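Trainee: Mind folding the following:
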Amino acid sequence: MKRLVVRVWRLVRPLQWRVLWLAHAKFMVGVTGVVRNDAGQVLLLKHRMWTPARPWGLPTGFAVKGEEFPQTVVREVKEETGLDVEPGRLVRLISGYRLRVEVAYEARFVGGTLEIDPFEILEARWFDPDELPAGLQDSHRELIAGTSVV
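Mentor: Numbers count the residues shown, from 1 in each chain. Below is the predicted model:
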């Protein structure tokens, strides 16, 4: 039986990726940036769409098809704040969600002028790591504590 399956698999070579795509789960990839400035402060955003009890968090967004995840951080920070960042090391990769994988990178502020996207963001501020606001997402608090100045 195994030989038959292998033989059929080889015969459908042009269709293998389509078969694999249909047979496996599809995931969105959420990407978060732990953005720091030269003083070691972390950039936090007050998100309009998040729960009012926990509106503060790091810059986040979803990767678009074909986008490299570090570039998602660059794009999302630019879209949400107008700031330019340089992505650093991968600091978290988590699966286990129903339809989502979460990725987080350190990032370093390199320039730009703060101009928030008023549709998504209510406020953007730099915070000292030991003076984070109430209403910060717990997972983001953990990311901040577990990363360093890049």
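Trainee: where exactly do the helices run in this protein?
Mentor: 2-11, 16-23, 69-81, 138-145 (DSSP state H).
Trainee: now the first one and helix 16-23, what's the angle there?
Mentor: Pointing back at helix 2-11 there. 110 degrees (axes from the mean of the first three to the mean of the last three C-alpha atoms, to 10 degrees).
Trainee: before we move on, back to that, winner for burial among the helices of the chain?
Mentor: helix 69-81 (a mean of 20; mean count of other C-beta atoms under 10 Å). Bear in mind the C-beta positions are built from the backbone N, C-alpha and C, glycine included.
Trainee: Now do it, average pLDDT.
Mentor: The average pLDDT within helix 69-81 is 97.
Trainee: Can you spell out which helices and strands pack onto it?
Mentor: strand 28-36, strand 42-47, strand 60-62, strand 83-94, strand 100-112, strand 121-127 (3 or more C-beta pairs under 8 Å, 6 or more residues apart in numbering; DSSP states H and E).
Trainee: Kindly present those as a markdown table, with separate columns for mean neighbour count and distance to residue 12.
Mentor: Below are these laid out as a markdown table (neighbours: other C-beta atoms under 10 Å; distance: least, C-beta to C-beta, whole Å):
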| stretch | mean neighbour count | distance to residue 12 |
| --- | --- | --- |
| strand 28-36 | 22 | 28 |
| strand 42-47 | 22 | 46 |
| strand 60-62 | 17 | 32 |
| strand 83-94 | 17 | 32 |
| strand 100-112 | 18 | 28 |
| strand 121-127 | 15 | 48 |
